[in-house]
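**Q** Sequence isn't available, so here's the structure alone:
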């Protein structure tokens, strides 16, 4: 081990310890990194000599993560709890009339430190959960009473941490509700632990129920040979593949990074569905970007990407649903706030201050290419 790498590891160990204190005090997700992803980080640290690379920043705390704060931060920007009826708390979330977000587990293969549902997930880890069978019963009752719901989206936690038997139970039970015509899964298991899907058993199950699979890749270096091979296998089984991810400072806040990611995904049959604005939750300032700079990045991507690749949605989630640039109705630069409107509902968004928005270094973010 080189002296530089040893110093970097010691410095990161101190950050990790300080983050553990912060996480315990404020209900943040603890550090959790899969062995597969750790190997990529080890390679990145060896090349850069520090933990400021894009993959390390997704799962390990930076100095900014520990100390930087921005005005207007809140605990739960999308207000998930407001969309959970008390009797179905921690089973599903319904924000839209035609679809339900089913959350059968609070477990993830690893923890993304930029996660925008940290407080809810941390809260859920401290309480007993219903069995998969009982959660399905709760969801079934709701679906039978609400035939307008046509799509069930499995999220969590990460639903691909569930066993084959648990997933089979979910799909068999819910598919009996005739008004449900679509299934979707949101996951980072293919990114963090592709070996978890080395058997075709789960893939055949997803194909049987015509599942749309939405991965959450945030950087092109996450799409290595192993991950690419898994995406190709999924496609060969007839599984429709999409990507949905946030713009993150020092991780992917440059058009070249986004284009590289999108090209890699397209090469493995995965279409970019949406790129979204980081939410202003507590301790998120390390990842946030000013709205003007985000728009400029997206404009650069659209100017350079071929037409079949630039049809993605750029959006901000809110308690009332996702809003786009065309929903922006008012801007107060003095208070640094933006106002969006959706279905008559007003969303006041506290913009990330320009003075704090120091852009990521492209030579660091694309260290293999630059």
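**A** Sure thing, it's come through. Keep in mind that this is a model prediction, so the values were computed, not measured.
**Q** So, low pLDDT: which residues of the protein?
**A** 1, 4, 82, 85-89, 126, 370 (pLDDT under 70).
**Q** Quick one: the helices in the stretch 151-300 of the chain, in order.
**A** 164-175, 189-192, 201-208, 225-236, 255-267, 291-304 (DSSP state H, counting those that start in this stretch).
**Q** Just name the most buried of those helices.
**A** helix 189-192 (a mean of 26; mean count of other Cβ atoms under 10 Å). Every C-beta, even on glycine, is put in place using the N, C-alpha and C of the backbone.
**Q** by contact count, what packs against that one?
**A** helix 35-48, helix 225-236 (3 or more Cβ pairs under 8 Å, 6 or more residues apart in numbering; DSSP states H and E).
**Q** and if we set it to 10 Å?
**A** For helix 189-192, the elements it packs on are helix 35-48, helix 54-59, strand 212-215, helix 225-236, judged by 3 or more Cβ pairs under 10 Å, 6 or more residues apart in numbering; DSSP states H and E.
**Q** The helix ranked longest in the chain vs helix 35-48, what angle?
**A** Criterion DSSP state H: the longest helix present in the chain is helix 3-26. Using axes from the mean of the first three to the mean of the last three Cα atoms, to 10 degrees, the inter-axis angle of helix 3-26 relative to helix 35-48 is 130 degrees.
**Q** Make JSON lines from the helices of the stretch 151-300 of the chain and add distance to residue 358 to it.
**A** What follows is these, written out as JSON lines (distance: least, Cβ to Cβ, whole Å):
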{"stretch": "helix 164-175", "distance to residue 358": "43"}
{"stretch": "helix 189-192", "distance to residue 358": "26"}
{"stretch": "helix 201-208", "distance to residue 358": "41"}
{"stretch": "helix 225-236", "distance to residue 358": "30"}
{"stretch": "helix 255-267", "distance to residue 358": "16"}
{"stretch": "helix 291-304", "distance to residue 358": "10"}
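**Q** And these: which comes nearest residue 111?
**A** helix 189-192 (9.5 Å; Cβ to Cβ).
**Q** gap between the closest one and the chain center?
**A** 12 Å (Cα atoms, centre = their mean, to the nearest Å).
**Q** likewise stretch 121-135?
**A** With Cα atoms, centre = their mean, you get 20 Å for stretch 121-135.
**Q** Please apply the same query to stretch 105-124.
**A** That offset, for stretch 105-124, works out to 10 Å (Cα atoms, centre = their mean).
**Q** what's the answer for stretch 12-24, then?
**A** 22 Å.
**Q** Quick one: residues in contact with it.
**A** For stretch 12-24, contacts defined as Cβ atoms under 10 Å, 6 or more residues apart in numbering pick out 28-31, 41, 45, 50-52, 56, 60-63, 65-67, 111, 113, 118, 122, 283.
**Q** which ones are touching residue 60?
**A** Per Cβ under 10 Å, 6+ apart, neighbours of residue 60: 12, 15-16, 19, 31, 33, 38, 41, 45, 51-53, 113.
**Q** Of those residues, keep whichever come out buried.
**A** 12, 15, 19, 31, 33, 38, 41, 45, 51, 52, 53, 113 (16 or more other Cβ atoms under 10 Å).
**Q** which one is residue 209 nearest to, not counting chain neighbours?
**A** residue 171 (4.7 Å; Cβ to Cβ, 6 or more residues apart in numbering).
**Q** How many neighbouring residues does residue 220 have?
**A** Residue 220: 23 surrounding residues under other Cβ atoms under 10 Å.
**Q** What distance do you get for residue 338 to residue 304?
**A** To residue 304, residue 338 is 26 Å away according to Cβ to Cβ, to the nearest Å.
**Q** Now do the contacts for residue 121.
**A** 27, 28, 29, 80, 103, 106, 107, 108, 111, 115, 156, 157.
**Q** Fine, thanks again, bye for now.
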